[in-house]
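**Student:** Give me a 3D structure for the following:
(one chain, ligands or ions: 1)
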Amino acid sequence: KKAIFLTRHGESEFNVSGRIGGDGALSSSGKRYAKAMADWIIMQPEFYNREQGHMHIWCSTMKRTVQTANAFKKRIPNVKIYQWRALNEIDAGICEGKTYKQIESEMPNEFTARAKDKLSYRYPQGESYKDVIQRLEPVIFELERSTQPVLVIAHRAVLRCLYSYFMELPIQSIPHLDLNLHTVYKLSPGDYKTEVDRFTFGL
Ligand code: F6P
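**Tutor:** From the prediction side, this is the model:
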């Protein structure tokens, strides 16, 4: 069975200022991650086979994942990068671009409601984790169908859902899972369970 590599985009300017959502570009540290991660991935025999040239990279339509994926273009000129709208980050609606502190002080009811039930809570004019899980169905279908290893470059909430699906974690734990920046999670499906290896880049 083929491996699935999951990573968040490199650090973005919004990550630096602690704001959620938006469509920010990578920070300088995020750009360094994109290059280091690409250099490392193409050395992984499970991922990139120089003779067959098989490698699939999926990202969202947001600047920060596309920019992270583009680091592969210099290294492998004919690489195929597929952009999925379904991989876009959870839509925080009226809270997009705010820090958690701002949400807590400006919209205390929203903040409390989310803290109480992060899985079902839907941002006004935005999405809930349950919405995200639903829109990821076609992505999961294609990932399971793929005969080639895939690198998915996406976002924190989206990757929490994908990771939990493949690791068979309880649905309630999804919104609370730790998935760090500048880390690649390699999932290797076995006959009974999926093994995970983490590779962290100190940048
Ligand atoms: O802060 C980065 C980010 O990807 C935001 O864009 C998103 O709203 C958030 O993380 C999701 O994490 P949580 O559900 O814990 O707020």
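**Student:** Please count neighbours and contacts with C-alpha atoms only from this point.
**Tutor:** OK.
**Student:** tell me what the strand or helix carrying S29 is packed against?
**Tutor:** Using DSSP states H and E, S29 falls within helix 28-41. Counting contacts by 3 or more CA pairs under 8 Å, 6 or more residues apart in numbering; DSSP states H and E, helix 28-41 is packed against helix 63-75.
**Student:** one more time with 10 Å, if that's ok
**Tutor:** helix 13-17, helix 63-75, strand 183-189, strand 194-200 (3 or more CA pairs under 10 Å, 6 or more residues apart in numbering; DSSP states H and E).
**Student:** tally of neighbours for I41?
**Tutor:** 16 (other CA atoms under 10 Å).
**Student:** Let me see the backbone angles for the residue in the chain that the ligand sits nearest to.
**Tutor:** Nearest residue of the chain to the ligand: G21, at 3.4 Å (CA to the nearest ligand atom). Main-chain torsions, G21, degrees, to the nearest 10: phi 70, psi -140.
**Student:** sorry, back to before: so for E110, which of the helices and strands packed on helix 28-41 sits nearest?
**Tutor:** helix 13-17 (21.0 Å; CA to CA).
**Student:** got the contact list for P175?
**Tutor:** By CA atoms under 10 Å, 6 or more residues apart in numbering, the contact set of P175 is 117-120, 128-130, 156-158, 160-161, 164.
**Student:** for the helix holding S29, what is the average pLDDT?
**Tutor:** The average pLDDT within helix 28-41 is 97.
**Student:** Now do the buried residues in that helix.
**Tutor:** Neighbour counts using 16 or more other CA atoms under 10 Å place 29-38, 41 of helix 28-41 among the buried residues.
**Student:** count of neighbours near K98?
**Tutor:** 18.
**Student:** pretty sure it is touching N15, no?
**Tutor:** No: shown here, K98 and N15 do not form a contact pair, counting by CA atoms under 10 Å, at 11.1 Å.
**Student:** Residues that sit against both of the two, list them.
**Tutor:** Common neighbours of K98 and N15, using CA under 10 Å, 6+ apart, are G21.
**Student:** could the buried residues of helix 28-41 be laid out in CSV, adding distance to the ligand?
**Tutor:** Output for the buried residues of helix 28-41, formatted as CSV (distance: CA to the nearest ligand atom, whole Å):
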residue, distance to the ligand
S29, 15
G30, 13
K31, 17
R32, 18
Y33, 16
A34, 17
K35, 21
A36, 21
M37, 19
A38, 21
I41, 23
